[in-house]
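Colleague: A predicted structure for the sequence below; I have some questions about it.
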Amino acid sequence: MYLDGDKMNKETKKELVVGIDLGTTNSGIAYMVAGKPEIIPNIEGGRITPSVITFNEDGTRSVGIQAKRQAIAMPDRTIRSIKRKMGTDFTFTVDGKDLRPEEMSAMILTKLKEDAEAYLNQKIEKAVITVPAYFSDSQRQATKDAGEIAGLEVLRIVNEPTASALAYGLDKVGAERVLVFDLGGGTFDVSILELDEGLFRVVATSGNNLLGGDDWDQRIIDWITEEFKKKEGIDLAKDSKVVQRLKDAAEEAKIELTSKLSTKISLPYITADASGPKHLEMELSRAKFEDMTKDLVEKCAGPSRQAMKDGNFKAEDLDKVILVGGATRMPMIREMSKELFGKEPHKGVAPEEVVALGAAVQAAVLAGEVKDILLLDVTPLTLGVETLGQVMTPLIDRNTTIPVTKKKVFTTAGDSQTSVEIHVLQGERTMASDNITLGQFQLVGIPPARRGIPQIEVAFDLDANGILQVSAKDLGTGKEQSVVIQSSHLSDNDIDKMKNDSEKYKEEDEQRKAIIEAKNTAEQAVYTTEKTIIDLGDKISDEEKQSLEEKMEELKKEAETEDAEKIKAKTDDLMQVIMQISQRIYQETGQAPGAEQPEGQYGPGPSDSPGAPTQHDIDEEQVIDVDYEPVEDDE
C-alpha cells in the first residue's frame, strides 16, 4: 500500500499517457517526469510485476506477486506466460468460464493501471503498449484489444527493441548505429536502429516469438525430472503441484547460475511412495546448464545474423549492442553476443525495465510533452495476397518503414469471373499455405469479361501500430470492398463484454475486500473491548459490562455474515458504548479525554482498517516533503 499518492504530481493534474511493457514473465509501467522516464512501482513496492494470474475459489482473482506465490498451491487455477498465446484461439477454462488471451492480458494491464493510479493519485486512460518486434498482425491486434478491455485507449503499439532504443538514446548526441538484442521470458527480437539527433530509424528486425527464458527454465525442469526418475523411478511431471514447484526451482537455479559456477536444487518432500516421503537434492553446474541449452543459444544467433544481413551490416558497423530482457543476464548469452558482434554489450540500461521506460518516452512524444523525436519503425514480416497457383504475392516487404500504403493491380484468373477472393497473408514463404492467414473477403459485382481484362486494385494500409487495413477496388466499375484485419477474432461486442466482465470482477474484488476489512475491524473491536473490560475492572458497572457483552455477541454473530455494511454498523454500536464508558470515567477522574495521547499510533476506528495510516490521518503539509515509501502488507 502507499502512504501517499504522487510525490511529484500535486501541483497539476494534466492528462497522463503511460508506457507499458506487457511481458511474458514480468510487466512494467512507466511515465515521463521532469524530462526523464521513471518506473511506477506496484502497490507491493516492486518495480516489475509478475505476469501471473490466479483465480481464487471464492470468485476473486490475484494478479502479480501474490498470484505467483499462490501458484504452487493452485497450479490448475493459475495462468502464466499468456503472452505466447496472444493472437491465437487458446482459451483457459476456470469455473466453467472460457477466458481468451486478450481478456487475461487485460487483467495484468488492469493491475498495472490501478497500481499506477494509486501511486500517482490520478486517473490513467491512455497508454503506449510494447510488443515483440516479430509479433504478427494478429498478435498486435490482440494486444490492442487487451488494452481496450482494461479501459485504456492504446495510442500506439511499439516494438520492444525500438522502445529500448528510445530509452537508451533519449539524451544521446551525435549519430549511432545500435543493435538491440531483446531476450525476454517468452519471446526474442533483434533490431538494428540508426540514431541521429532525435531521429530513431529502424533499419532491420528479426526474431522468434517462441524463444525466451522460459525455454531455459524448461530444460532444467526436464533434466531434474529425468534424473529423479532414474534415481527413484517416479515421474514428477505427472503431478501439477510438483511441476509448479519445479518451475520456481528452475527459475531460481537459472538466476543463481548467472553469478555462480554451480547451484544446489533442494526440494524436500517433493513426492512420496509406499516407502515414504522423497526429497529432491541435486547440484547443477553452469557448464552442464550451458551444454544442455547450447542449441537455444544458437537459435538466438540465427535471427541476429539475419537482421545484419537484411540491413547490409557487418559487426564492425555497429556502435553499440544493447541487451534487453532478464534472460540476457545469463553469461552464455553475453558471451554469444560478444563473439557474434565483436564488442562488449552496453551496460547502461536495466534489462528488465528499459522497455517500459522507452514506451514512456514514446507516450510523452504522443502527448506532446517531448519534442524533436521522430520514430520510424518497420514491419517485421512481409504482407501480401494469394494469387493463382496458391502463390503468396507480396505487397509490403518485411523491414519496410511504417506507416505505409502500397497498391498493386491484379486481374481475374478465369473467363466471366464476377467476384474475386482476397486472401490476406503474412510471412516469408513462397506458397500461401505456408504463411499466416490474416483474413479473407470477397469483392463482388465485377462485370463478366474474358480473364485478364478486369483490373482489381488491392491496397494495403499499414498504420504505425503495425495493424493492417486492406481494400480491393474494381477500376472498371468503381466498386470497392475494404476490411480492417481483425486477426484477434474479437468483435466490438466481444471487447465490450470483456470490458463489462472486467468491471464486474473489479466490483466483486472490492466488495470482497470491504467484507474482509469489516470483519478484521470487528475482530479488533471485540479484542479491544474484552481487554478494556479486564483493564478497567470495577470501574465498569455491571449494567455497562452487560451492555458491552451484548453488543459484542451481536457483532460476533453479524461478523459471520457477508454483509459489510451491517458488520460496520454493529462495530460502530460497540465502539459507541466504549466511548460513552470512557467519557464517564474521564469525567469522574477529572481528565479530559485525549489529554495525553501517544504519538504515532493508529488504532482501529469505526470505519478504518486497524493498524494502517490512511490519507485523512496525515495533514497535507506533512505529506508534501515525504518521499514515497512502500509499506508491505503482512502476509
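Modeller: Right, received. Where do you want to start?

Colleague: Does Val52 touch Arg69 like I think?
Modeller: No: using Cβ atoms under 8 Å, Val52 is not in contact with Arg69, being 9.2 Å away. Backbone N, C-alpha and C define where each C-beta goes, glycine included.

Colleague: Tell me which of those two has more neighbours.
Modeller: With neighbours defined as other Cβ atoms under 10 Å, Val52 and Arg69 compare such that Val52 has more, 24 against 15.

Colleague: do you know how far that one is from Arg177?
Modeller: 37 Å (Cβ to Cβ, to the nearest Å).

Colleague: what do you get for Gly198?
Modeller: Using Cβ to Cβ, Gly198 is found at 16 Å from Arg177.

Colleague: Just the residues contacting the strand or helix carrying Thr225, thanks.
Modeller: Using DSSP states H and E, Thr225 sits within helix 213-232. Applying Cβ atoms under 8 Å, 6 or more residues apart in numbering, the contact partners of helix 213-232 are 24-25, 81, 84, 183-186, 234-237, 243, 246-247, 249-251, 253-254, 265, 270, 273, 278, 280, 282, 284, 289, 292-293, 296, 325-327, 330.

Colleague: Next: stretch 234-246.
Modeller: 71-73, 75-76, 78, 221, 224-225, 228-229, 267, 270-271, 273, 278.

Colleague: partners of the top strand by length along the chain in the sheet?
Modeller: The residue-count maximum for a strand in the chain (DSSP state E) belongs to strand 262-273. Sheet pairing for strand 262-273, assigned by DSSP bridges, gives strand 276-285 (antiparallel).

Colleague: in the next helix or strand along the chain from the strand it pairs with, what's buried?
Modeller: Heading C-terminal from strand 276-285, the first helix or strand you meet, by DSSP H and E, is helix 286-291. By neighbour count with 16 or more other Cβ atoms under 10 Å, helix 286-291 contains the buried residues 286, 289.

Colleague: try stretch 68-83
Modeller: 68, 70-72, 74-75, 77-83.

Colleague: how about the residues you listed in TSV, adding secondary structure and distance to Thr60?
Modeller: Below are the buried residues of stretch 68-83 laid out as TSV (DSSP: H, G, I helix; E, B strand; the rest coil; distance: Cβ to Cβ, whole Å):
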residue	secondary structure	distance to Thr60
Lys68	helix	16
Gln70	helix	11
Ala71	coil	16
Ile72	coil	19
Met74	coil	12
Pro75	helix	18
Arg77	helix	11
Thr78	strand	14
Ile79	strand	15
Arg80	strand	18
Ser81	coil	22
Ile82	helix	19
Lys83	helix	23
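
Colleague: Between which two of these is the distance greatest?
Modeller: Longest distance between any two of the buried residues of stretch 68-83 is 21.6 Å, between Ile72 and Lys83; criterion Cβ to Cβ.

Colleague: now the closest residue to Ser266 other than its chain neighbours: how far from Ala249?
Modeller: Using Cβ to Cβ, 6 or more residues apart in numbering and skipping residues adjacent in sequence, the residue nearest Ser266 is Glu281, 5.5 Å away. Going from Glu281 to Ala249 by Cβ to Cβ gives 11 Å.
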